[in-house]
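Colleague: model this:
(one chain, ligands or ions: 2)
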Amino acid sequence: MENETFIRRLPKAELHVHIEGTLEPEMMFDLAARNGVELPFDSVEEVRAAYEFSNLQSFLDIYYQGAAVLVTEQDFYDLMMAYLVRAHDDGVVRAEIFFDPQTHTERGIEFPVFLDGFTRAICDARESMGISAGLIMCFLRHLPPEDAVATWYEAKPYADQLIGVGLDSSEVGNPPEWFAEAFTMAQDAGLHAVAHAGEEGPPGYIANALDVLGVQRIDHGVRCEDDPSLVERLADEGVPLTMCPLSNLKLQVFERLEDHNLGRLLERGVVVTVNSDDPAYFGGYVLDNFVAIAGALDLSRDDLVQLARNSITASFLLEEDKDRFLEELDAVAVS
Ligand code: ADE
Ligand code: ZN
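Modeller: Ligands and ions are numbered 1, 2, ... in the order given. Have a look, this model is predicted:
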């Protein structure tokens, strides 16, 4: 069996995908026309040609611009549904999906507009395809910590539509500990917590995300290798890393996929997972990421099964649901 077919059949959780990063250029144009929003591009091809990034910031500048076409509840529904259809096709059984409320509220779009669109699509997809999904609300770390606190207060009445909170956007110079107040309030309300750390920032950001914010997973975490004692800690404590190989390649975190440290960390016993981050911008959904990293690092079938297994165990599913998916996974692994 081809790697691609084998990986597609493995039940997988996607734990690191930004819904705004699933906005394909075709949908960007459709929504721009629907909402009368002007785009700085004349064609889909021109948009794709603009997706040449030198680092995280050069991507974020274009990414926040693209989100401006999302206006109505139906727009957010369509975006979410398109992602869930694609994820289901890749063999994703569970998706824990980031969104950036501040990108929308600062344009005057209120919580019920995007949250109801997302939630309606998640319910419909559950019914039509059986895929399970949950929402993780991210605070934008390039904005002041007080804005994160204010965003939490705005979100609180809708907390039952969320499974967790996260931290994203420009990392270097915006350390996790600044956001402790917003994270504590969300955790006190029963939400899970994750944070982007060690994508471009130093390993100390990973340690502080764990120790100060109390997060349960680290998003990216590739820079952990700069501190061998931190790698040991991540392995010992079973802290999952939600890694995104094609994102790291596109944002020049690694020059070549062959240089990626996912394989080494997996070998060290770190709970590594494979994810897509912003698939419309980085050239691949979760299956594409699996296939690309498997080829570049010459991963074995056992490695691929371990990566899929990690994604299920690192998810925020109930234990009984994890057990069910792990059983299904074991059956595919020996088939
Ligand atoms: N927002 C969307 N993608 C991101 C990434 N890779 N890092 C930080 N913030 C993001
Ligand atoms: Zn991300």
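Colleague: The helix or strand harbouring A209 packs against which elements?
Modeller: Following DSSP states H and E, the helix or strand that holds A209 is helix 203-211. Packing partners of helix 203-211 (3 or more C-beta pairs under 8 Å, 6 or more residues apart in numbering; DSSP states H and E): strand 192-197, strand 217-220, helix 228-237. From N, CA and C alone the C-beta is placed, and that goes for glycine too.
Colleague: The longest one packs against which elements?
Modeller: With contacts defined as 3+ C-beta pairs under 8 Å, 6+ apart, the packing partners of helix 228-237 are helix 203-211.
Colleague: What parts of this protein come near ligand 1?
Modeller: With C-beta under 6 Å from any ligand atom as the criterion, the chain meets ligand 1 at residues H18, G21, L56, D168, S169, H196, E199, S247, D277, D278.
Colleague: Take those residues and write them to CSV, including secondary structure.
Modeller: What follows is the residues of the chain next to ligand 1, written out as CSV (DSSP: H, G, I helix; E, B strand; the rest coil):
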residue, secondary structure
H18, strand
G21, helix
L56, helix
D168, strand
S169, coil
H196, strand
E199, coil
S247, helix
D277, strand
D278, coil
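Colleague: among those residues, which one has the lowest pLDDT?
Modeller: Within the residues of the chain next to ligand 1, L56 has the lowest pLDDT, namely 94.
Colleague: Next, A95: secondary structure please.
Modeller: Using three-state DSSP, the secondary structure recorded for A95 is strand.
Colleague: And the strands in this structure, which stretches?
Modeller: Remark: strands assigned in the chain by DSSP state E are 12-18, 92-99, 132-140, 164-168, 192-197, 217-220, 241-243, 272-274.
Colleague: With mean neighbour count and distance to D298 as added columns, please give those strands in CSV.
Modeller: Shown next, in CSV, are the strands of the chain (neighbours: other C-beta atoms under 10 Å; distance: least, C-beta to C-beta, whole Å):
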stretch, mean neighbour count, distance to D298
strand 12-18, 28, 20
strand 92-99, 25, 24
strand 132-140, 23, 32
strand 164-168, 26, 31
strand 192-197, 26, 28
strand 217-220, 28, 23
strand 241-243, 28, 17
strand 272-274, 27, 15
